[in-house]
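1. give me the fold of what follows.
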Amino acid sequence: MENRHRLIVYDIRDSKRLSKVEKIMESFAWRVQKSVFESYAPETTMELLKRQLEKVIDKAEDFVLFFDVCERDWQKQEKYGIGSKDCERMSDDKFLIL
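-> Coordinates of the predicted model:
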């Protein structure tokens, strides 16, 4: 099966569940922000991730959102700031406040 890029975001309302979700996510993807992860994996791996998350989250309070991003669109991404591996750290003088 072919690997696909995915962006995964979540909002977990309980701190215990959040801790468990974070550990699961870190096993399958890399963190971009506190509740945002990127992944490059086959669908079978994502199905395993989803099954593990379903065991932990409360569907009445929490949500996890998967964005499947095609290669062409993935290549269009732009990253700025310290969370970006490919860009230099931005200094204050590079921003224009309107």
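
2. only C-alpha atoms from now on, for both contacts and neighbour counts.
-> Noted.

3. sketch out the strands for the chain, chain order is fine.
-> Per DSSP state E, the chain has strands spanning 4-11, 30-33, 36-41, 63-69. These are given in chain order.

4. can you list the strands that the second one pairs with?
-> Pairing partners of strand 30-33, with direction, according to DSSP bridges: strand 36-41 (antiparallel).

5. go on, the last one?
-> Its sheet considered, strand 63-69 pairs with strand 4-11 (antiparallel) by DSSP bridges.

6. ok, residues contacting the partner strand?
-> Strand 4-11 is touched from outside by 35-43, 62-71, 74, with contacts defined as Cα atoms under 8 Å, 6 or more residues apart in numbering.

7. returning to what we had before: tabulate the strands of the chain (a markdown table), appending mean neighbour count and distance to Ile24.
-> Formatted as a markdown table, the entries for the strands of the chain read as follows, by neighbours: other Cα atoms under 10 Å; distance: least, Cα to Cα, whole Å:
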| stretch | mean neighbour count | distance to Ile24 |
| --- | --- | --- |
| strand 4-11 | 18 | 12 |
| strand 30-33 | 14 | 11 |
| strand 36-41 | 18 | 11 |
| strand 63-69 | 14 | 12 |
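
8. CSV for these, including mean pLDDT?
-> Supplementary listing: the strands of the chain in CSV, determined by pLDDT from 0 to 100:
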stretch, mean pLDDT
strand 4-11, 94
strand 30-33, 90
strand 36-41, 93
strand 63-69, 91
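
9. and of those, who's closest to Lys50?
-> Taking Cα to Cα as the criterion, strand 63-69 is the member of the strands of the chain that comes nearest to Lys50, at 9.0 Å.

10. compute the number of surrounding residues for Met25.
-> Per other Cα atoms under 10 Å, the neighbour tally for Met25 reads 22.
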